[in-house]
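Enquirer: got a structure for you, letters missing:
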């Protein structure tokens, strides 16, 4: 399983963009990069995933480095509801239910 | 479309007792996974069930066992409870084995005294 490194915590102001980095230098060539977040007192919530190309959805954008050893989750305009722990999880295509969560990044959003 | 529901939401047990936690998968989902989340830690994978068969297990002892029923709901059973089993137990369902999106319930908070 690929090891990930994320900052323990980050702060952002409301309505500003947030870039959450993740290093996954040992990622396998076929591993997808999943991002989940966990709001206080809730179960984790899927945010986005990608393989090689940058990806966008209604929640966020995912920028993947060309060598795939790092990725960045981009929240375009942070809201107070985005305050959560964000997890970056490399996952093989055949075991997507067996997520290996690290410590994640705790994002604080200030009004 | 109903989401993943878990019961009970909170429970207290004593050491040595047994506990059963229940999970109803999201409609149409045939795969369910269970996770244990200790306070301040990320969730840890316990095991996964696909079409009523165990399909992978994390580093948990045999006293952690599970079932998946024909309607794809699931149970997590823990025997001989220990103090360290105190945690939030999360259930997640997915449409099938190779989808990247898991839907988590809000968890069952177990306290072992």
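Expert: Cool, the structure landed. Not measured: the values here are computed from a predicted model.
Enquirer: Which residue would you name as the spatial centre of chain B?
Expert: residue B:34 (3.2 Å; CA atoms, centre = their mean).
Enquirer: Wait, a strand at it?
Expert: Yes - if the criterion is DSSP: H, G, I helix; E, B strand; the rest coil, then residue B:34 is within a strand.
Enquirer: Once you drop chain neighbours, what's closest to it?
Expert: residue B:46 (4.3 Å; CB to CB, 6 or more residues apart in numbering or on different chains). Bear in mind the C-beta positions are built from the backbone N, C-alpha and C, glycine included.
Enquirer: Same question for residue A:17.
Expert: residue A:76 (5.5 Å).
Enquirer: okay, now residue A:47: neighbour count?
Expert: Number of residues near residue A:47 (other CB atoms under 10 Å in any protein chain shown) recorded here: 21.
Enquirer: ugh, wrong one, residue B:82
Expert: 12.
Enquirer: Tell me the residues of chain B that contact chain A?
Expert: For chain B, the contact set with chain A under CB under 8 Å from any CB of the partner chain comprises B:4, B:31, B:33, B:35, B:41-45, B:48, B:50, B:55-56, B:58, B:90, B:92, B:94, B:97-107.
Enquirer: and the end-to-end length of stretch B:89-103?
Expert: 14 Å (CA to CA, to the nearest Å).
Enquirer: Please disregard the earlier target; I meant stretch B:47-64.
Expert: So stretch B:47-64: terminal residues 9 Å apart, CA to CA.
Enquirer: And the contacts of that stretch?
Expert: With contacts defined as CB atoms under 8 Å, 6 or more residues apart in numbering or on different chains, stretch B:47-64 is touched by A:95, A:97-98, B:30-34, B:36, B:44-46, B:66-70, B:74, B:76-80, B:97.
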